[in-house]
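Student: Below is the structure, and that's it, no one-letter string:
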């Protein structure tokens, strides 16, 4: 009896292979970033080490060399090393400080060394003045302090500290790279272990199906041939027995005993014929079983074809929706660019017909500038939409909703103070989501700014935000007590570009379209409930995603 592997197992293996391939691509990309970061750290490390070594050469050594040469020979040309050190020390300290701050190096010891260097440079300048004024006793006293050697020892300790810190950073970066590379090898090994058995099973199953069909065709041919041979044998046997019976009937007159013997022989032959019929019945039963196998396989093939047809219908539906979006975008672009372009052309014609009237020309130019600015705004809006639809560089990160709300409050602080708006948030059920941070910022900003902008003039604005799990999604609810609108009447226009429901305040009608586009790009959805003069509630569903521990 044929044994079939469950189809769900094959689908599971295929899905695992696809998932592991995607994970392998992600980890490989992450490894490349780690390599680039490691190269940058190595470059910064070498730059810091080389630059720190300049303290000894450019500052300490040049200060000592210039002062000693001037003290020995009394000529200004020997002061050039000292002048170079005084000129370059500030820029050198600044460049090293900036690199160390980028790597979060503790700057206490560095600050002490900078102060000591500044003090020693001041001492060298003073000693030059003392030498010029022939105050040799004070000059010799300062020289005996040997502050240059002390500064050199301080520099040596600082250089060792920096080298140890840089070596630690390099070691940490190398560890991260090794760990990422190890995880990549693990994923590739698992991918190999799943792909090879799956391919072997597919080849084996296909070969077995082919052999089964060949055997069925052979059995069908053998059955037809066997039945033909049996019919020929039966016909010959009947003809022979008819002739014998005829002969025996002639001989009946001569011997009754021979008739009885012949009757016994006929019975034996009938039994043989019955046995042959039983054999044919068993063969027919086997052929029926083979037909059942073929029918079952045909049903499985039809089920597979139906599944493929459903996949084709679903993909066709996605392509139709995408084409509709492209048509809508093209219509919006043409419609919103046509008006300012027509005004610009008309104003250009009027400008040609003006008869050197400066006031009229200035008024026309102002309108040209206004129309051009309007066209530029439309183009920027469309570019933002295109960037959201085609942006593949964003990646999912951990987003703290409390932190993002704090940022939005800061950006809208002027509007909040002017309207005395109250923003209340309860994200304890789901304070952190895995999403694209700029999209979450934009969604919160547009929903809250709309709630303030379209507030009820008779009420103090109150905006409530909360999160809660909702199956495979995290639901963010944003409610206000503003003007509201008729959802049933405006359902087709709520998330359409440049559609507005209130015209007493300034706006472009782009905020909700951006929110819908960003939520869709994140794999979620958005719902809205509203009542006129009662308020509006938006529910944004963010798709649940697991945090990657690697």
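Tutor: Perfect, I can see it now. Please read these numbers as outputs of a predicted model, since none were measured by experiment. Numbering: from 1, shown residues only.

Student: Residue 88 sits in which helix or strand?
Tutor: Per DSSP states H and E: residue 88 is located in helix 80-102.

Student: Am I right that residue 462 is in contact with residue 480?
Tutor: Yes: if you go by C-beta atoms under 8 Å, residue 462 and residue 480 touch, sitting 6.9 Å apart. Backbone N, C-alpha and C define where each C-beta goes, glycine included.

Student: Look at these two and report which has more neighbours.
Tutor: More crowded of residue 462 and residue 480, by other C-beta atoms under 10 Å: residue 480, with 28 against 16.

Student: That one pairs with what?
Tutor: When bridges are called by DSSP bridges, residue 480 pairs up with residue 463.

Student: Could you pull up the contacting residues of it?
Tutor: Going by C-beta atoms under 8 Å, 6 or more residues apart in numbering, residue 480 touches 451, 455, 461-464, 535-537.

Student: For the stretch 51-200 of the chain, which segments count as helices?
Tutor: Using DSSP state H, counting those that start in this stretch, the helices found in the stretch 51-200 of the chain span residues 62-73, 80-102, 108-132, 136-144, 147-251.

Student: Can you flag the weakest of those helices by average pLDDT?
Tutor: Ranked by mean pLDDT, those end with helix 147-251 at the bottom, a mean of 78.

Student: number of nearby residues for the residue nearest to residue 486 when sequence neighbours are not counted?
Tutor: The shortest distance from residue 486 to any non-neighbouring residue, by C-beta to C-beta, 6 or more residues apart in numbering, is to residue 532 (6.1 Å). Other residues within reach of residue 532, judged by other C-beta under 10 Å, total 13.

Student: any idea which residue sits dead centre in the chain?
Tutor: The residue lying closest to the centre of the chain (C-alpha atoms, centre = their mean) is residue 395, at 4.7 Å.

Student: Three-state assignment for that residue, please.
Tutor: Secondary structure, DSSP: H, G, I helix; E, B strand; the rest coil: residue 395 is coil.

Student: In three-state terms, label the most far-flung residue of the chain relative to its centre for me.
Tutor: Residue farthest from the centre of the chain, counting by C-alpha atoms, centre = their mean, is residue 254 at 106.4 Å. Under three-state DSSP, the three-state class of residue 254 is coil.

Student: now it: how far from residue 244?
Tutor: Counting by C-beta to C-beta, to the nearest Å, the separation of residue 254 from residue 244 is 15 Å.

Student: re earlier: list the residues that contact the residue farthest from the centre of the chain.
Tutor: Residues near residue 254 by C-beta under 8 Å, 6+ apart: none.

Student: Over to residue 117?
Tutor: Applying C-beta under 8 Å, 6+ apart, we find residue 117 in contact with 55, 59-60, 89, 93, 151.

Student: tell me the phi and psi of residue 527?
Tutor: With angles defined as degrees, to the nearest 10, residue 527 sits at phi -130, psi 160.

Student: and if you look at residue 472?
Tutor: Here is the backbone geometry of residue 472 (degrees, to the nearest 10): phi -80, psi 10.

Student: Compute the number of surrounding residues for it.
Tutor: By other C-beta under 10 Å, neighbour count at residue 472 equals 11.

Student: what do you get for the one 4 residues further on?
Tutor: Residue 476 is flanked by 26 other residues according to other C-beta under 10 Å.

Student: so it sits in a strand?
Tutor: Yes: assignment of residue 476 by three-state DSSP places it within a strand.

Student: ok, for it, nearest residue in space, not its chain neighbours?
Tutor: residue 540 (4.4 Å).

Student: got a list of what the one you found touches?
Tutor: Going by C-beta under 8 Å, 6+ apart, residue 540 touches 443, 447, 475-478, 515, 519, 524, 526.

Student: now do residue 416
Tutor: Going by C-beta under 8 Å, 6+ apart, residue 416 touches 409, 423, 452.

Student: buried ones in the helix or strand where residue 516 lies?
Tutor: Element membership for residue 516, per DSSP H and E: helix 511-521. By 16 or more other C-beta atoms under 10 Å, the buried positions in helix 511-521 come out as 511-519.

Student: I'd like the distance between residue 54 and residue 160.
Tutor: Taken as C-beta to C-beta, the span from residue 54 to residue 160 is 16 Å.

Student: quick one on the thing from earlier: JSON lines for the contacts of residue 416, including neighbour count, secondary structure and distance to residue 13?
Tutor: As requested, the contacts of residue 416 are exported to JSON lines (neighbours: other C-beta atoms under 10 Å; DSSP: H, G, I helix; E, B strand; the rest coil; distance: C-beta to C-beta, whole Å):
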{"residue": "409", "neighbour count": "15", "secondary structure": "helix", "distance to residue 13": "50"}
{"residue": "423", "neighbour count": "19", "secondary structure": "strand", "distance to residue 13": "50"}
{"residue": "452", "neighbour count": "19", "secondary structure": "helix", "distance to residue 13": "53"}
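
Student: and of those residues, the nearest to residue 41?
Tutor: residue 409 (36.5 Å; C-beta to C-beta).

Student: Point out where the stretch 301-450 of the chain drops to low pLDDT.
Tutor: 311, 314-340, 343, 354-355, 373-394 (pLDDT under 70).

Student: where exactly do the helices run in it?
Tutor: According to DSSP H, counting those that start in this stretch, the helices that the stretch 301-450 of the chain contains are 358-390, 401-411, 413-419, 437-453.
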